[in-house]
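Participant: need a structure here:
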Amino acid sequence: MNFTRRDALKIGIKGGATLGACLAAPSIVLAKGRRPVLPYGVMSGDMLHDRAMLWARADRASRMLVEIADNPEFLGARQLTGPEVLPATDLTAKLDITGLADMDTAHYRVRFAALDDHRAISEPVTGQLRLPPTTRRNVRFVWSGDTAGQGWGIDESRGGMTTYATMRRQRPDFFIHSGDTVYADGPLEESVTLDNDEIWRNLVTPEKRKVAETLQEFRGQFAYNLMDANVRQFNAEVPMLAQWDDHETLNNWYPGELLDDSRYTEKNASLLAARARRAFLEYMPLRQMPDAPGRIHRRFAYGPGLEVFMLDMRSYRAANSRNRQSDGEAATFLGQDQLRWLLDGLRRSTATWKIIAADMPIGLIVRDGEHFEAIANDHHGAPLGREMEIADLLRAIRDEAIHNVVWLTADVHYTAAHHYAPERASFKEFAPFWEFVSGPLHAGTFGPSELDGTFGPEVVFQKAPPEGQSNLPPSDGYQFFGQVDLDGESETLTVTLMDSAGNALHSQALEPQQA
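Facilitator: Prediction:
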């Protein structure tokens, strides 16, 4: 919706003056307590070549006001009126900005106008996002997962969540958050004694003192991470493609699970997940489609060189089990509808590189007690259980000559480069491919995990804690992200695994295979 002349007159805009200039006028400068505040900054995401989602949150009932321009001075800015924010959405606002096709970088400025006093308008918060190109050019993006997990929250004396600052310095075009965007099942203590007797001091909010069960408690998980200055600055400069995994709800959950956990008064995992999904959608710059408003899997073309397929490996799975069923329906993981969506998108894609953003790895064994949480089942014969869906997908990719497919994932809290090849595999009906693992962003570090031989993975590189050590704090330096660089001329795709200090640990240059 455009910012109308009537709206302008209500706040005293005269003639051709911009919203920004008029809001600085003394006539509407009010006492600080009467003006809305944006406590958690701004975000953008789900960008297409001509549109993108903007996100912000106010501290009271108010209306979102946006200016958008192709320059940081906001000359000739377009003025838009966003939604009213009310407690029903926890005062969050999202606006799908269209008409951006002629911009390389969109600069935006967000304010909120109080609903009970049209003169009470917040200070502006600015952001920017680079839009996908329509012609070939260099592209850089980063990915990782796992924020504020295993008891490691925001320690401001240690600089907060510093990996976000390191990623920002790489000046990426966009960021893929590969899941575990929050840890709703991970309460924080105010202090944790480290092995060297230093004290880790967590910033703690009421919602972070217990496991999340109510909608408001789930909302508080997302609000907590946005209290970190590094996260807010990163979000204001780098658009995000977000997906979820388990910890947005609770560890290793699946639909229909009944909890045996004394920390929870609500035992129905599906009900908890419904609340978690709502909070996730409220707090992420994710475009919701009218025909599937809660859907998290989606795809994004980023110029002629890249297309990103964001998977949802949580919503459609069957129960965690021994994962060795011969009946595929009993071991659903992605689900047939999502598999058809993915394969159809891969077939139709005209991008040179097809990036599958998966919130869990293919060949790493991830256990859930005596059961299995991910795809692998520690059985090295023919595909069984959840492996059957992946086998069908990999076979179809090979048979239909869909080239240049690369998998990116997180989840296991260390970093690795895996190469999959049929000559090493018990299942041989697929073409070789790469999977790169990175994380955590700001959580405990674990690993490495065991490999399952069904699809023939080989560890080309990995970095994890020394043997016998686990849940290392962020201050130990075992925090990781991945960086992907596409050369616009040669179309070489270079994947670099990096640590929280910005050191390049491993780099793999991939040459495109021609159709």
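Participant: Helices of the stretch 1-150 of the chain, start to end?
Facilitator: 5-10, 19-23 (DSSP state H, counting those that start in this stretch).
Participant: Out of those, which gets the lowest mean score?
Facilitator: Of all the helices of the stretch 1-150 of the chain, mean pLDDT reaches its minimum on helix 5-10 (a mean of 41).
Participant: Tell me, how many residues neighbour residue 390?
Facilitator: 22 (other CB atoms under 10 Å). C-beta coordinates here come from the backbone N, C-alpha and C atoms, glycine included.
Participant: Secondary structure element for it, which one?
Facilitator: Using DSSP states H and E, residue 390 sits in helix 387-399.
Participant: which other residues reach that helix?
Facilitator: The contact list for helix 387-399 (CB atoms under 8 Å, 6 or more residues apart in numbering) reads 323, 328, 331-334, 339, 342-343, 346, 362, 375-377, 383, 402, 405, 427, 429-431, 433, 454-455.
Participant: Now a ChimeraX select for only the buried ones of these.
Facilitator: Entered in ChimeraX, the line below selects the buried ones among the contacts of helix 387-399, by 16 or more other CB atoms under 10 Å:
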select :323,328,331,332,333,334,339,342,343,346,362,375,376,377,383,402,405,427,430,431,433,454,455
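Participant: top strand in this protein by residue count?
Facilitator: Scanning the chain for the strand with the most residues, using DSSP state E, yields strand 105-114.
Participant: so where's the stretch 101-250 of the chain uncertain?
Facilitator: By pLDDT under 70, the stretch 101-250 of the chain has no low-scoring segment.
Participant: the strands in it, which residues?
Facilitator: 105-114, 125-130, 139-144, 174-177, 191-193, 199-201, 240-242 (DSSP state E, counting those that start in this stretch).
Participant: returning to that earlier point: name the helices or strands packed onto the longest strand of the chain?
Facilitator: Secondary-structure packing of strand 105-114 (3 or more CB pairs under 8 Å, 6 or more residues apart in numbering; DSSP states H and E): helix 19-23, strand 42-48, strand 51-57, strand 62-69, strand 92-97, strand 125-130.
Participant: still on that earlier bit, so which of the contacts of helix 387-399 are in strands?
Facilitator: 405, 433.
Participant: now the helix holding residue 390: mean pLDDT?
Facilitator: 97.
Participant: In that helix, which residues are buried?
Facilitator: 387-398.
Participant: One more: stretch 269-284?
Facilitator: Buried, per 16+ other CB under 10 Å, within stretch 269-284: 269, 272-273, 275-284.
Participant: Would you mind putting the CA coordinates of that stretch into CSV?
Facilitator: C-alpha atoms of stretch 269-284 as CSV (Å, rounded to 0.1, in the frame of the first residue of the first chain):
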residue,chain,number,x,y,z
ALA,A,269,5.1,-31.8,20.3
SER,A,270,2.8,-30.9,17.4
LEU,A,271,1.0,-28.2,19.5
LEU,A,272,4.4,-26.8,20.6
ALA,A,273,5.5,-26.9,17.0
ALA,A,274,2.5,-24.9,15.8
ARG,A,275,3.3,-22.2,18.3
ALA,A,276,7.0,-22.3,17.3
ARG,A,277,6.1,-22.0,13.6
ARG,A,278,3.9,-19.0,14.2
ALA,A,279,6.7,-17.3,16.2
PHE,A,280,9.2,-18.2,13.4
LEU,A,281,7.0,-16.8,10.7
GLU,A,282,6.3,-13.6,12.7
TYR,A,283,10.0,-13.0,13.4
MET,A,284,11.6,-13.9,10.1
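Participant: pLDDT averaged over that stretch - what is it?
Facilitator: 98.
Participant: now swap in stretch 308-317 and tell me
Facilitator: pLDDT averaged over stretch 308-317 gives 98.
Participant: what about it, start to end distance?
Facilitator: End-to-end distance of stretch 308-317 (CA to CA, to the nearest Å): 22 Å.
Participant: which residues make contact with it from outside it?
Facilitator: 176, 241, 243-246, 249, 253-255, 273, 295-300, 302, 332-335, 337-338, 342, 345-346, 354-360, 386.
Participant: circling back to that earlier point, which of the helices and strands packed on strand 105-114 has the lowest mean pLDDT?
Facilitator: Across those, helix 19-23 gives the lowest mean pLDDT, at a mean of 47.
Participant: circling back: please compute how far the helix holding residue 390 lies from its chain's middle.
Facilitator: 26 Å (CA atoms, centre = their mean, to the nearest Å).
Participant: Repeat that for stretch 38-58.
Facilitator: 13 Å.
Participant: for stretch 379-393, same thing?
Facilitator: The chain centroid and the centroid of stretch 379-393 are separated by 27 Å under CA atoms, centre = their mean.
Participant: Kindly export that stretch (C-alpha atoms) in CSV.
Facilitator: Taking Å, rounded to 0.1, in the frame of the first residue of the first chain, the C-alpha atoms of stretch 379-393 are listed here in CSV:
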residue,chain,number,x,y,z
HIS,A,379,23.4,-49.5,7.7
HIS,A,380,25.7,-49.8,4.7
GLY,A,381,23.6,-51.8,2.4
ALA,A,382,20.8,-50.9,0.1
PRO,A,383,18.9,-47.7,1.1
LEU,A,384,16.3,-48.2,3.8
GLY,A,385,14.1,-45.9,5.8
ARG,A,386,14.6,-42.3,5.1
GLU,A,387,17.4,-43.1,2.7
MET,A,388,14.9,-44.3,0.2
GLU,A,389,13.6,-40.7,-0.5
ILE,A,390,17.1,-39.5,-1.0
ALA,A,391,17.9,-42.4,-3.3
ASP,A,392,14.9,-41.7,-5.5
LEU,A,393,15.9,-38.0,-5.7
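Participant: related to what we said a few turns ago, could you dump the helices and strands packed on strand 105-114 to a markdown table with mean neighbour count and distance to residue 200?
Facilitator: Shown next, in a markdown table, are the helices and strands packed on strand 105-114 (neighbours: other CB atoms under 10 Å; distance: least, CB to CB, whole Å):
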| stretch | mean neighbour count | distance to residue 200 |
| --- | --- | --- |
| helix 19-23 | 18 | 41 |
| strand 42-48 | 24 | 27 |
| strand 51-57 | 24 | 28 |
| strand 62-69 | 23 | 37 |
| strand 92-97 | 21 | 30 |
| strand 125-130 | 21 | 30 |
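Participant: nearest to residue 114, of these?
Facilitator: strand 62-69 (4.9 Å; CB to CB).
Participant: The closest one: partners in the sheet, and parallel or antiparallel?
Facilitator: Strand 62-69 has its sheet partners listed here by DSSP bridges as strand 78-85 (antiparallel), strand 105-114 (antiparallel).
Participant: Kindly indicate which of the buried residues of helix 387-399 lies nearest residue 486.
Facilitator: Of all those, residue 486 sits closest to residue 397, with 20.2 Å by CB to CB.
Participant: surely residue 434 meets residue 404?
Facilitator: No. Applying CB atoms under 8 Å, one finds residue 434 not in contact with residue 404, separated by 10.2 Å.
Participant: Hmm, residue 178 is touching residue 408, no?
Facilitator: Yes. Counting by CB under 8 Å, residue 408 is a contact partner of residue 178 at 6.9 Å.
Participant: any shared contact partners between these two?
Facilitator: Taking CB under 8 Å, 6+ apart as the criterion, residue 178 and residue 408 both touch 143, 357-358, 438.
Participant: For residue 86, state which of those is nearest.
Facilitator: residue 357 (32.7 Å).
Participant: Show me what that closest one bridges to in the sheet.
Facilitator: residue 310, residue 408.
Participant: And for residue 56?
Facilitator: Applying DSSP bridges, one finds that residue 56 bridges with residue 42, residue 93.
Participant: residue contacts, it?
Facilitator: 38, 40-43, 64, 92-93, 110, 112, 125.
Participant: and if you look at residue 35?
Facilitator: 114, 120-123.
Participant: ok, back up a step: ChimeraX command to pick out the buried ones of the contacts of stretch 308-317?
Facilitator: In ChimeraX, a selection of the buried entries from these looks like this (16+ other CB under 10 Å):
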select :176,241,243,244,245,246,249,253,254,273,295,296,297,298,299,300,302,332,333,334,335,338,342,345,346,354,355,356,357,358,359,360,386
